[in-house]
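Participant: need a structure here:
(one chain, ligands or ions: 1)
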Amino acid sequence: MAAVLIDGKALAARVREEVAASVAQLDHVGVATVLVGDDPASHIYINLKQKAAEAAGIEARDHRIPAGTSEDDVLALIAELNADDAVDGLLVQLPLPGHIDEATVIEAIDPAKDIDGIHPTNAGRLYLGRPTLVPGTPLGVMRMLEEYEIELQGAHAVVIGRSSIVGKPMAQLLLAANATVTMCHSRTRDLAHHTLDADILVAAIGKPHMVTADMVKVGATVIDVGLTRTDEGLFGDVDPAAAERAAFITPVPGGVGPMTIAMVLQNTVTAARARRAKDLANPAH
Ligand code: NAP
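Facilitator: Alright, predicted model coming up:
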């Protein structure tokens, strides 16, 4: 029997409507994006984020600065946006040019405005199981699992990939939801041994169709985060033939991809609300 397809496109549209409704209730919500250099893919991502923010009624400021900008100048721009009360969310597009230290730039972002959830303070809060801003992709996966009522408590979740933006926060979120989590990576011995025991399998690798159907447990929920663009098209990490064994599976495209931007917008609303709540608690703030 073929798996139920998890429709990320439809769910992302719903999240964006929810965000727009929340923005309408708040006085003003603002986001600022910073893009350094002329990487074409980064310009496409920023265009998408800008458009999505505006469509949700969020005021979107678009800072695109030359590749040769010094680290000090980038840090000065971030300090200015941190101090600007009209900016609720601040997003720096990665990767940065080689002469700029990414860790320094990320640590310069006000954690309260860090809608990508990449600041060490937010990553630490997630690790400690405290409420925080979480990277959009794993947050989107959690929303998908919730929407399709996938039982997480006590389930065995296997995450392939351990990046700071996907694999690690994904594992933390699944753990917080009481799954039993196994993390796999490029040095994992006998990957199939782990994946075949996964009730929930999340692939965040970046290797087209590396997870073959025979690596998937019958009845599993399979979440394919991978996106690799080749001359032949866009490929996920999971062979679509896995749909013959899985109970639920995300397609590529139209699965996890559309959720990421929607969740970054949701993070902007979360950040805006939290900043206002602080103001209410401390009017002198
Ligand atoms: P990344 O930083 O390159 O991490 C890839 C991970 O995969 C690493 O932890 C690596 O292990 C592991 N890996 C590589 N080869 C492996 C193998 N043969 N067996 C098991 N594990 C292996 O990538 P990322 O940023 O997490 O992104 C992963 C994929 O998701 C990419 O295709 C990316 O384009 C996609 N992505 C999609 C979205 C979206 O919106 N849908 C968002 C973000 C990322 P080591 O740590 O040992 O090297």
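
Participant: measure Ala32 to Gly154 for me?
Facilitator: In this structure, Ala32 lies at 42 Å from Gly154, with C-beta to C-beta, to the nearest Å as the measure. Placement of C-beta: from N, CA and C, glycine included.

Participant: Looking at these two, which is more packed in?
Facilitator: When Ala32 and Gly154 are compared for neighbours, Ala32 comes out ahead with 25 against 9, by other C-beta atoms under 10 Å.

Participant: show me what contacts that one?
Facilitator: Taking C-beta atoms under 8 Å, 6 or more residues apart in numbering as the contact definition, Ala32 lies against 60-63, 81, 84, 87, 89-91.

Participant: which parts of the chain sit against the ligand?
Facilitator: Residues of the chain found near the ligand (C-beta under 6 Å from any ligand atom) are 137, 160-163, 165-167, 184-188, 191, 204-207, 225-228, 256-257, 260.

Participant: redo that, cut-off 8 Å
Facilitator: 136-137, 140, 160-167, 184-188, 191, 204-207, 210, 225-228, 236-237, 255-257, 259-261 (C-beta under 8 Å from any ligand atom).

Participant: thinking again about what came up before, out of the contacts of Ala32, which one sits closest to the ligand?
Facilitator: Leu91 (13.8 Å; C-beta to the nearest ligand atom).

Participant: can you give me the strands for the chain?
Facilitator: The residue ranges that make up the strands of the chain, judged by DSSP state E, are 4-5, 30-36, 59-65, 89-92, 156-160, 180-184, 200-203, 221-224, 228-230, 233-235, 248-249.

Participant: Switch those strands over to TSV; also include distance to Tyr127 and mean pLDDT.
Facilitator: As requested, the strands of the chain are arranged in TSV below (distance: least, C-beta to C-beta, whole Å; pLDDT from 0 to 100):
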stretch	distance to Tyr127	mean pLDDT
strand 4-5	32	98
strand 30-36	26	98
strand 59-65	30	98
strand 89-92	22	98
strand 156-160	15	99
strand 180-184	13	98
strand 200-203	18	99
strand 221-224	21	99
strand 228-230	29	94
strand 233-235	32	95
strand 248-249	28	98
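
Participant: Asp73 is nearest to which of the ones you listed?
Facilitator: strand 59-65 (7.5 Å; C-beta to C-beta).

Participant: So which bits of the closest one are buried?
Facilitator: Using 16 or more other C-beta atoms under 10 Å as the test for burial, strand 59-65 gives 60-61, 63.

Participant: Give me the subset of the residues of the chain next to the ligand lying in helices.
Facilitator: 136-137, 140, 167, 191, 256-257, 259-261 (DSSP state H).

Participant: So of those, which two are at opposite extremes in space?
Facilitator: Using C-beta to C-beta, those reach their maximum pairwise distance at Leu191 and Ile261, which is 30.0 Å.

Participant: who's more crowded, those two?
Facilitator: The neighbour count for Leu191 versus Ile261, taken as other C-beta under 10 Å, is higher for Ile261 (21 against 17).

Participant: I'd say the more buried one and Ala52 touch.
Facilitator: Yes - using C-beta atoms under 8 Å, Ile261 and Ala52 qualify as a contacting pair, with a distance of 5.0 Å.
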